[in-house]
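Enquirer: mind folding the following:
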Amino acid sequence: MEIILKQDVQNLGHKDDIVTVKNGYATNYLIPQGYATMATVSAKKVHAENLKQRAHKEAKLREDASALAAKLEGMQVTVATKVSTTGKIFGSVNNIQVAEALAAKGFEMDRRNITIIGEDKLQEVGVYDAVVKCYKDIKANIKVEVVAE
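Expert: Okay, here's the model as predicted:
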């Protein structure tokens, strides 16, 4: 079944994509939750017109995201936390603390757009790599340094 996504759905597609999914997934989950609509002939025509009108706005968003990614690329943020004498962190550092550290430097990023490479949460002092998703396919690599408080 072909559907038009109303918003981003992880592991499926981005807003306004036309994707093919199994009938049950569409009728039992995506459409009732408001994530998608059926891609009928008339809906596809309306969708094409809306995309044409949004193309200019899309170009501006991409340009802004590229500029943000260029500023973020290679940046290092420092997260201070309580540490034991062996170098283990009390608790853990996750993407929420990384988002707060970026906000302190003037970059407001949603925590869901920050992925720490290789791990879900950091539990030792050190320098780690992370990826910040600025826009659909525009990403920036940053370093996260976890230090003792």
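
Enquirer: any idea which residue sits dead centre in this structure?
Expert: Geometric centre of the chain, nearest residue: Asn113, 2.8 Å, by C-alpha atoms, centre = their mean.

Enquirer: quick one: contacts for it?
Expert: For Asn113, the contacting residues are 132-134, by C-beta atoms under 8 Å, 6 or more residues apart in numbering. Just so you know, the C-beta spots here come from the backbone N, C-alpha and C atoms, and that holds for glycine as well.

Enquirer: and the pLDDT for the residue lying farthest from the centre of the chain?
Expert: Farthest-out residue of the chain from its mean C-alpha position, per C-alpha atoms, centre = their mean: Thr85, at 35.1 Å. You'll see Thr85 listed with a pLDDT of 85.

Enquirer: can you tell me the SS state at it?
Expert: At Thr85 the chain is in coil, as set by DSSP: H, G, I helix; E, B strand; the rest coil.

Enquirer: gap between it and Gly91?
Expert: Shown here: Thr85 relative to Gly91, a distance of 16 Å by C-beta to C-beta, to the nearest Å.

Enquirer: and for Asp64?
Expert: In this view, Asp64 and Gly91 are 35 Å apart by C-beta to C-beta.

Enquirer: which pLDDT value goes with the residue nearest to the centre of the chain?
Expert: 93.

Enquirer: returning to that earlier point: pLDDT, secondary structure and neighbour count added to the contacts of Asn113, as a markdown table?
Expert: A markdown table is the format used below for the contacts of Asn113 (pLDDT from 0 to 100; DSSP: H, G, I helix; E, B strand; the rest coil; neighbours: other C-beta atoms under 10 Å):
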| residue | pLDDT | secondary structure | neighbour count |
| --- | --- | --- | --- |
| Val132 | 95 | strand | 24 |
| Lys133 | 93 | strand | 17 |
| Cys134 | 92 | strand | 22 |
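
Enquirer: just put those in TSV and tack on distance to Lys52.
Expert: As requested, these are exported to TSV (distance: C-beta to C-beta, whole Å):
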residue	distance to Lys52
Val132	30
Lys133	26
Cys134	24
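
Enquirer: so which of these is the closest to Gly13?
Expert: Lys133 (14.8 Å; C-beta to C-beta).
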